[in-house]
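[1] Fold the following, please.
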Amino acid sequence: MAKQRIAKTMKDQIVSAIDQAAELEQLYRSNRKAFEQSFRQVFPQLQDKPLAQAWWYRLTKPDNSLSFGKQSEWVLLIFLSLLAWLVAKVPEFAGLSEDLYFTRNISFTILPFLSVWFFVQSRPKPAFVLASALIFVLSAVYINMLPANESSQTLHLANIHLVLFLWFITGISFAQDRFRSTATRLAWLRFNGDLAVMAAVLFIAGGILSVVTIGLFGSAGINIEKFYGKYIAIWGAVSIPLAGAWLVHNNPQLVGKVSPVVARIFIPLVVLMLGIYLLALPFSGKDPFHDRDFLLVFNLLLLGVMALIFFAIPGRDDQKDEKGQVVALLLLAVLTLIVNGIALSAILYRINEWGITPNRLAVLVSNILIFCNLILITLKIFKVVRHRALLAEAGQSIGIFLPLYAGWTAVVVFLFPLIFNFR
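    Predicted coordinates for the structure are as follows:
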């Protein structure tokens with residue numbers, strides 16, 4: 001029943017969006033297998049449409065070659081990477097503290113330029129471009145106007161959460177008005193998973209190139225290490241996300257196959273690691289209720305596992321998922337719920353004993369949101385195991401919560417410093 005419902009919904013969406021190229025592409029990326037099967041069924045009634053004919057050719061004669069896009073995309077990529085490099089070099093040009101600058105402005109070396117890349121590819125309404133630019137500019141002005149108090153909890157929280165908040169804004173740039181759809185939000189998560197894999201590959205390749213280059217010049221008696229690290233390496237670092245986005249955009253049929261494979265390999269390994277960790281915890285002598293540093297590690301572990309779940313589910317193919325893999329995903333969700341429950345209990349205990357602080361309140365609400373989201377995800381995956389739902393429905397539970405996470409990051413960034421008087 002669940003598969004039939006998903007198939008009917010996909011068919012209806014294809015028919016309604018047949019004249020909208022961008023919407024069809026989003027549907028394809030949200031669930032490629034379901035899209036292909038549904039499109040083949042509805043094509044006879046749409047075959048007089050030029051766009052439908054193009055899609056039929058694309059789906060029936062897939063191109064597995066590597067595409068490097070148009071020359072204009074190359075020019076745009078180089079231009080944006082140079083702008084990102086200039087933003088990263090502001091401390092050197094202006095004589096500012098690099099530590100102070102990058103803790104506040106690391107987001108602005110990557111995310112605004114990714115947004116520009118998405119806008120150029122989709123040609124959105126001017127209102128979206130203006131609103132996005134305004135948010136980035138006002139955020140930059142705001143975060144750099146906060147008092148430079150190294151002991152300020154609200155400053156550290158604002159710096160951390162600003163990255164997440166602007167990541168959500170970049171997601172809206174990715175989809176514009178289609179971001180209201182949970183399928184499009186999942187496409188944004190899937191894109192990030194593919195981008196993370198591609199960026200890792202580019203980073204490794206860039207590292208090897210750097211070592212070889214410095215070694216070759218060194219063997220000739222020319223020491224370029226300082227110059228290379230100061231200029232070339234920084235330019236490469238800020239260019240990798242843009243280059244990764246460019247490759248993912250031009251090669252969805254190739255890059256999209258990597259992330260599910262990575263998830264398929266790592267999910268069982270993480271389940272094993274997390275299970276052993278929880279069994280060993282009572283014998284470790286560590287106590288998240290009284291040990292603040294250990295509670296921090298506990299929450300970092302929770303965020304890492306949640307990120308794996310968030311990026312794994314949107315990248316799964318419902319038609320190919322084996323029951324063992326789905327059971328592993330269910331076990332991971334259950335174990336993550338246990339970790340979240342322990343962390344949430346420890347935070348509530350610390351608030352009861354020592355009162356509210358900005359850090360404790362931020363972590364408390366974040367953990368409550370994650371806990372509620374995990375319950376919905378776990379229930380949906382349990383239904384998948386019992387063949388009463390598809391993983392796409394579990395993905396919808398993630399998509400529904402994304403605006404809630406975005407809203408909370410905005411509260412922490414823009415209201416916490418005022419509420420807690422910048423302490």
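[2] how far out from the middle of the chain is the helix or strand containing Arg185?
    For Arg185, the host element (DSSP states H and E) is helix 182-219. Its chain's average C-alpha position is 15 Å from that of helix 182-219, according to Cα atoms, centre = their mean, to the nearest Å.
[3] I'd like the next helix or strand past it.
    On the C-terminal side of helix 182-219, the closest following helix or strand by DSSP H and E is helix 225-227.
[4] Run the chain-centre distance for that next one.
    Chain-centre distance of helix 225-227: 33 Å, with Cα atoms, centre = their mean.
[5] Counting neighbours, which bits of it end up buried?
    Residues of helix 225-227 include none that count as buried (16 or more other Cβ atoms under 10 Å). Backbone N, C-alpha and C define where each C-beta goes, glycine included.
[6] what helices or strands is that helix leaning on?
    With contacts taken as 3 or more Cβ pairs under 8 Å, 6 or more residues apart in numbering; DSSP states H and E, helix 225-227 sits against no other helix or strand.
[7] What lies in contact with that helix?
    When contacts are defined by Cβ atoms under 8 Å, 6 or more residues apart in numbering, helix 225-227 is touched by residues Ile214, Gly218.
[8] one more time with 6 Å, if that's ok
    Residues from elsewhere that reach helix 225-227, judged by Cβ atoms under 6 Å, 6 or more residues apart in numbering: Ile214.
[9] Below-threshold pLDDT in the stretch 201-350 of the chain: ranges please.
    Applying pLDDT under 70 to the stretch 201-350 of the chain picks out residues 252-260, 314-322.
[10] let's see it at 80
    For the stretch 201-350 of the chain, applying pLDDT under 80 flags the ranges 249-264, 284-287, 292, 298, 307, 309-325.
[11] Please, where are all the helices along it?
    Under the criterion DSSP state H, counting those that start in this stretch, the stretch 201-350 of the chain contains helices at 225-227, 233-250, 252-255, 258-280, 292-312, 323-354.
[12] list the buried ones in the fifth one?
    In other words, helix 292-312. Of the residues in helix 292-312, 294-295, 298-299, 301-302, 305-306, 308-312 count as buried by neighbour count, 16+ other Cβ under 10 Å.
[13] List just the nearest of the residues you listed to Asn340.
    Asn340 lies nearest to Leu302 out of the buried residues of helix 292-312, by Cβ to Cβ, at 5.7 Å.
[14] pretty sure that closest one is touching Val339, no?
    Yes. Counting by Cβ atoms under 6 Å, Leu302 does reach Val339; the two are 5.2 Å apart.
[15] And the pLDDT at Tyr101?
    Tyr101 is assigned a predicted lDDT (pLDDT) of 91.
[16] Let me fix that, I meant to ask about Leu86.
    At Leu86, pLDDT is 93.
[17] just the one 3 residues further on next, same as before
    Residue-level confidence at Lys89 comes out at 91, pLDDT.
[18] gap between Ser173 and Tyr142?
    According to Cβ to Cβ, to the nearest Å, Ser173 and Tyr142 sit 19 Å apart.
[19] same question but for Gly207, I mixed them up
    Going from Gly207 to Tyr142 by Cβ to Cβ gives 35 Å.
[20] and these two? which has more neighbours close in?
    Tyr142 (15 against 12; other Cβ atoms under 10 Å).
[21] give me the element the more buried one is part of.
    Here Tyr142 is assigned to helix 126-145, by DSSP H and E.
[22] Can you give the distance from that helix to the centre of its chain?
    Here helix 126-145 shows a centroid-to-chain-centroid distance of 20 Å under the convention Cα atoms, centre = their mean.
[23] May I see the buried residues of it?
    Using 16+ other Cβ under 10 Å as the burial criterion, the residues of helix 126-145 that qualify are Phe128, Val129, Ser132, Ile135, Phe136, Ser139, Ala140, Ile143.
[24] nearest spatial neighbour of the first one, skipping sequence neighbours?
    Sequence neighbours aside, Gln176 is the residue nearest to Phe128 in space, at 5.0 Å (criterion: Cβ to Cβ, 6 or more residues apart in numbering).
[25] Ranking the helices of the stretch 201-350 of the chain by mean neighbour count, which comes first?
    When you average the neighbours per residue for each of the helices of the stretch 201-350 of the chain (mean count of other Cβ atoms under 10 Å), helix 233-250 leads with a mean of 20.
[26] Which neighbouring elements make contact with it?
    helix 71-88, helix 182-219 (3 or more Cβ pairs under 6 Å, 6 or more residues apart in numbering; DSSP states H and E).
[27] quick one: which of those is nearest Arg360?
    helix 182-219 (28.6 Å).
[28] which helices and strands does that closest one pack with?
    helix 21-30, helix 153-175, helix 233-250, helix 258-280, helix 292-312, helix 391-414.
[29] Which residues are in contact with Ile214?
    Shown in contact with Ile214 (Cβ under 6 Å, 6+ apart): Glu225, Tyr228.
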